[in-house]
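J.: Give me a 3D structure for the following:
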Amino acid sequence: MNPSLPKSNIVIAIDGYSSCGKSTLAKQLASSLKFVFIDTGAMYRAVTLYIIRNHIDLSDIVSVSGALDLININFQNIQGSNTTFLNGENVETEIRSSRVSGLVSEVAAISLVRQKLVAIQRAMGENQNLVMDGRDIGTVVFPDASVKFFITADPIVRAQRRYNEMLSKNQQANLHEVITNLRHRDTIDTTREDSPLQKADDAHLLDNTNLTIEEQFESALDIIRNEVDLSDIYKH
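T.: Residues are numbered from 1 along each chain as shown. A predicted model of the protein is given here:
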């Protein structure tokens, strides 16, 4: 356990590329450990949706800053599912749309946006055990996280998974467009000036190209068991 964190406050940080199963793993771990799950990607998607709806020019920093002051994001558990609310509206389905996916990396690259959401994310981890996934959780948001993971997978495998997910939700999908979008997001995520996507030095690398969801979960849980005294966690 990292000594810089209170013993009663355990943070599991999960970073990685788009559509590599970060949220799936985070939800599994949070459920198993009885921790709070925070989907930071949903937060950036909610901001992106607000910007799209209000036709805000991303190059106009004054307008972006003004929009951030009007945005409130929170999560609610609805029928066992983590649901995103934007200014009181359930936007969980809409933030997963292709139009949001196509712009979210550009929005997330804006420093003002990152500063606001990182502050919110850090506050969420002050008084509760949680699993948080995103792009910079182990490097920026919680550099002293108790356990860190960096998730990756072959880009074509990731694209196929995303394509299948969209079809399962009755969303229009084109595999070529999905591949193009993922490559575009990877480029922006890894090259942006503010908090680029990168593996923390002390993060455990999990390549799930050839792993099932359950195999990935068991591998991650074994690592956590080796690094965190779970019996101590459940005393709090």
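J.: The residue lying closest to Asn77 once chain neighbours are set aside and Ser98: what is the separation?
T.: Spatially, and ignoring its direct neighbours in sequence, Asn77 is nearest to Thr83 (7.2 Å; CB to CB, 6 or more residues apart in numbering). The C-beta positions use only the backbone N, C-alpha and C, and glycine is treated the same way. Applying CB to CB, to the nearest Å, the value for Thr83 to Ser98 is 20 Å.
J.: And the strands in this protein?
T.: Counting by DSSP state E, the chain has strands at residues 11-16, 36-39, 73-78, 81-86, 89-90, 130-134, 147-152, 204-207.
J.: what bits of this structure have low per-residue confidence?
T.: 1-8, 232-236 (pLDDT under 70).
J.: Remind me what the lengthiest helix in the chain packs against, helices and strands.
T.: Criterion DSSP state H: the longest helix present in the chain is helix 175-191. With contacts defined as 3 or more CB pairs under 8 Å, 6 or more residues apart in numbering; DSSP states H and E, helix 175-191 has these neighbours: helix 98-101, helix 104-108, helix 155-168.
J.: Can you name the residues that contact the most centrally placed residue in the chain?
T.: For the chain, the residue nearest the mean C-alpha position is Gly134 (2.9 Å; CA atoms, centre = their mean). Counting by CB atoms under 8 Å, 6 or more residues apart in numbering, Gly134 makes contact with Ile14, Asp15, Lys22, Thr40, Gly41, Gln121, Val141.
J.: same thing but 7 Å
T.: Residues in contact with Gly134, defined by CB atoms under 7 Å, 6 or more residues apart in numbering, are Asp15, Thr40, Gly41.
J.: a markdown table for these, including neighbour count and distance to Gly88?
T.: Shown next, in a markdown table, are these (neighbours: other CB atoms under 10 Å; distance: CB to CB, whole Å):
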| residue | neighbour count | distance to Gly88 |
| --- | --- | --- |
| Asp15 | 28 | 30 |
| Thr40 | 25 | 20 |
| Gly41 | 20 | 21 |
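J.: can you pull the buried residues of stretch 52-65?
T.: By neighbour count on 16 or more other CB atoms under 10 Å, the buried set for stretch 52-65 is Ile52, Ile56, Val64.
J.: how about that stretch as PDB, C-alpha atoms only?
T.: Extracted in PDB, the C-alpha atoms of stretch 52-65 (Å, rounded to 0.1, in the frame of the first residue of the first chain):
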ATOM      1  CA  ILE A  52     -21.800  20.000 -29.300                       C
ATOM      2  CA  ARG A  53     -25.300  20.900 -28.200                       C
ATOM      3  CA  ASN A  54     -24.400  24.500 -27.700                       C
ATOM      4  CA  HIS A  55     -22.300  24.900 -30.800                       C
ATOM      5  CA  ILE A  56     -19.200  26.000 -28.900                       C
ATOM      6  CA  ASP A  57     -16.100  26.700 -30.900                       C
ATOM      7  CA  LEU A  58     -13.200  24.700 -29.300                       C
ATOM      8  CA  SER A  59     -10.700  27.400 -30.500                       C
ATOM      9  CA  ASP A  60     -12.600  30.000 -28.500                       C
ATOM     10  CA  ILE A  61     -11.200  29.600 -25.000                       C
ATOM     11  CA  VAL A  62     -13.400  32.200 -23.500                       C
ATOM     12  CA  SER A  63     -16.500  30.400 -24.700                       C
ATOM     13  CA  VAL A  64     -15.100  27.000 -23.500                       C
ATOM     14  CA  SER A  65     -14.300  28.500 -20.100                       C
END
